[in-house]
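Asks: Provide a 3D model corresponding to the input given below.
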Amino acid sequence: MIVQFGSARIELVLGDITTQQLDIIVNAANSQLAGGGGVDGAIHDAAGPEIMKELRQRYPDGCPTGSAVVTSGGKLTSQYIFHAVGPIWQGGSKKESQLLESAYQTCLSLAEKHQCKTLAFPSISTGVYRYPVDLAAEIALRTVAMKLESSDELELVRFVLFDQGTFGGYARVLETMLV
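Replies: The predicted model follows:
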């Protein structure tokens with residue numbers, strides 16, 4: 001599913017984020033930048049151990065929730081990996097929506113700062129952090145669409161979604177944005 005926003009596109013695909021050939025791959029990281037399971041583990045496995053070494057050297061204190069840090073792409077075809085830390089879902093009353101939006105905004109700003117035109121996002125916080133997919137999709141897609149409307153740098157933001165349920169949630173939200 002591809003939708004135009006300004007001069008750029010949002011694309012939804014079902015697949016493996018580590019195989020994307022874009023400027024940036026976004027990792028759903030933890031605040032310790034310690035690697036983990038799910039998307040984080042898959043990206044670290046595919047990118048190689050130099051990414052963990054780079055994280056430890058450059059960001060020994062980790063990364064706060066709602067923000068992101070940058071490393072090289074390692075063995076991936078992407079130039080960079082942005083390690084974004086989304087919130088753990090706690091019912092919605094602990095500023096989770098603001099923190100999730102901030103994680104996406106930080107990545108988009110970093111993309112422009114690094115003069116990149118294409119990036120791939122996973123569904124940040126919807127795995128082990130239990131953020132409801134429909135709520136996360138609404139925040140992610142709205143934040144990206146608003147940025148694309150005003151950006152001259154970005155050309156493509158692809159959401160690479162791991163399973164059919166997540167893909168369906170994002171597709172439903174994106175369809176409502178077109179009305």
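Asks: For the protein, which segments count as helices?
Replies: For the chain, the helices defined by DSSP state H occupy 38-47, 49-58, 96-113, 133-150, 164-177.
Asks: Turn those helices into CSV, columns for mean pLDDT.
Replies: Putting the helices of the chain into CSV (pLDDT from 0 to 100) gives the following:
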stretch, mean pLDDT
helix 38-47, 94
helix 49-58, 96
helix 96-113, 98
helix 133-150, 96
helix 164-177, 96
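Asks: Find me the pLDDT at the most centrally placed residue in the chain, would you?
Replies: Nearest to the mean C-alpha position of the chain, counting by Cα atoms, centre = their mean, stands residue 121 at 3.3 Å. Note on residue 121: pLDDT of 98.
Asks: can you check the one 4 residues further on too?
Replies: Turning to residue 125, the model gives it a pLDDT of 97.
Asks: Give me the nearest residue to it, chain neighbours excluded.
Replies: For residue 125, ignoring the flanking residues on the chain, the nearest one in space by Cβ to Cβ, 6 or more residues apart in numbering is residue 86 at 3.3 Å. For glycine as for every other residue, the C-beta is placed from the backbone atoms N, C-alpha and C.
Asks: who touches the one you found in this structure?
Replies: 28, 65-66, 99-100, 103, 124-125, 129, 131 (Cβ atoms under 8 Å, 6 or more residues apart in numbering).
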